[in-house]
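Enquirer: The following comprises the amino acid sequence and a computationally predicted model.
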Amino acid sequence: MSTTKLPPRQKMINMMYLVLTAMLALNISKEVINAFVTVNTSLEKSFDNQKVKKQRMFELFKQQMQHDSLRAQLAYSKALVVSQQSDKVCANIETLKNRLINETEGVKQAASFISLQDVKRKDAYEKVTNIMCGDDEQGRGAEATKLKQNILNYKQSVLTTLDEKDHIIFKPLLDKNFDTSDPAKDDVAYKEDHKTTWEMKYFYQTPVVASVAMLSKIQTDVKNAEAEVLEHLLNGITADKNTFDKRQMRRQAPK
């Protein structure tokens, strides 16, 4: 595994999202709303770039299987499981994004796709709150809770697929990138907005533009985690092969 650090572009996008969220709590201005559209566009572009990167890595897996089918096949099987789980989570989130946009705009779910940029009521939050948080005082039990559970299931699926020795690398990474804990008492969302749960922090009375950007961020985080795992598995094939070759050379060396 070469690195667990995000690319500089992704770090910048994540930081922009955090800054905009803080600004949103203070003032819902037109500039802030439009900035969320820009962030969302960048996140979706990063998401598409990761899909291209995944295709290239699976081509490398196939090349490795031609040289060392048994060792590469095991790594490929694990990569395939993680990839399928990642695609499933991202597809569910994409459906949810479209639902938030369509219901905010008052169109049927089966209607043609509407981009966030074309949404007329970007600052509307009623539909988002109803869909994501329902009528529970803590915002639990609706789509936001289902989303949180899907994230937790994804984290567990990745760890279950990997060897236990790899958990020391990936568990901290997954816990950091997919933090679904409730806000601490010193969190702005808790102190000023009285949002006491993860669901409320991100989706209760949150404009559709910010909620969709948040969902795009989760999609991108999933794809980043997937890429890290695939790269780690690919590097493991090479490392195992080098170790095997060295052992063979020592055995065959004249004494």
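Expert: Arrived safely, thanks for sending. Numbering: from 1, shown residues only.

Enquirer: right, and the helix or strand after the one helix or strand Thr38 maps to?
Expert: Assigned by DSSP states H and E, Thr38 belongs to helix 30-67. As assigned by DSSP H and E, the chain's next helix or strand after helix 30-67 is helix 69-105.

Enquirer: for the stretch 101-250 of the chain, which spans come out with low pLDDT?
Expert: Applying pLDDT under 70 to the stretch 101-250 of the chain flags residues 109-112, 239-250.

Enquirer: hmm, try it at 50
Expert: Scanning the stretch 101-250 of the chain with the threshold set as pLDDT under 50 gives 246, 248-249.

Enquirer: can you give me the helices in it?
Expert: Per DSSP state H, counting those that start in this stretch, the stretch 101-250 of the chain carries helices over the ranges 126-133, 143-161, 167-177, 188-191, 198-203, 208-252.

Enquirer: List the single closest residue to Gly134 in space, sequence neighbours excluded.
Expert: What sits nearest to Gly134 in space, not counting adjacent residues and going by Cβ to Cβ, 6 or more residues apart in numbering, is Ala142, at 3.4 Å. Glycine gets a C-beta too; all of them are placed from N, C-alpha and C.

Enquirer: Show me what the helix holding Thr38 is packed against.
Expert: On a contact count with 3 or more Cβ pairs under 8 Å, 6 or more residues apart in numbering; DSSP states H and E, helix 30-67 meets helix 8-26, helix 69-105, helix 208-252.

Enquirer: roughly how far apart are Ser69 and Asp163?
Expert: 20 Å (Cβ to Cβ, to the nearest Å).

Enquirer: before we move on, what about Ala124?
Expert: Ala124 sits at a distance of 47 Å from Asp163 (criterion: Cβ to Cβ).

Enquirer: Compare these two (neighbour count), which wins?
Expert: For Ala124 versus Asp163, neighbours defined as other Cβ atoms under 10 Å are more numerous around Ala124 (18 against 10).

Enquirer: The more buried one against Pro207, yeah?
Expert: Yes - Ala124 is within contact range of Pro207, at 6.6 Å (criterion: Cβ atoms under 8 Å).

Enquirer: dump the residue contacts of Asp182.
Expert: Asp182 is in contact with Thr196, Thr197, Trp198, Lys201, counting by Cβ atoms under 8 Å, 6 or more residues apart in numbering.

Enquirer: I'd guessed the first one sits against Asp136; true?
Expert: No - here Thr196 does not reach Asp136: they are 11.6 Å apart, not a contact under Cβ under 8 Å.

Enquirer: more neighbours, the two?
Expert: Taking other Cβ under 10 Å, Thr196 and Asp136 do not tie; Thr196 has more neighbours (18 against 14).

Enquirer: Next, give phi and psi for that one.
Expert: Main-chain dihedrals, Thr196, degrees, to the nearest 10: phi -100, psi 0.

Enquirer: just Asp182 next, same as before
Expert: The phi/psi pair for Asp182 (degrees, to the nearest 10) is phi -70, psi 150.

Enquirer: For the remainder of this discussion, apply numbering that starts at 98.
Expert: OK, 98 is where the count begins now, so the last one is Asp279.
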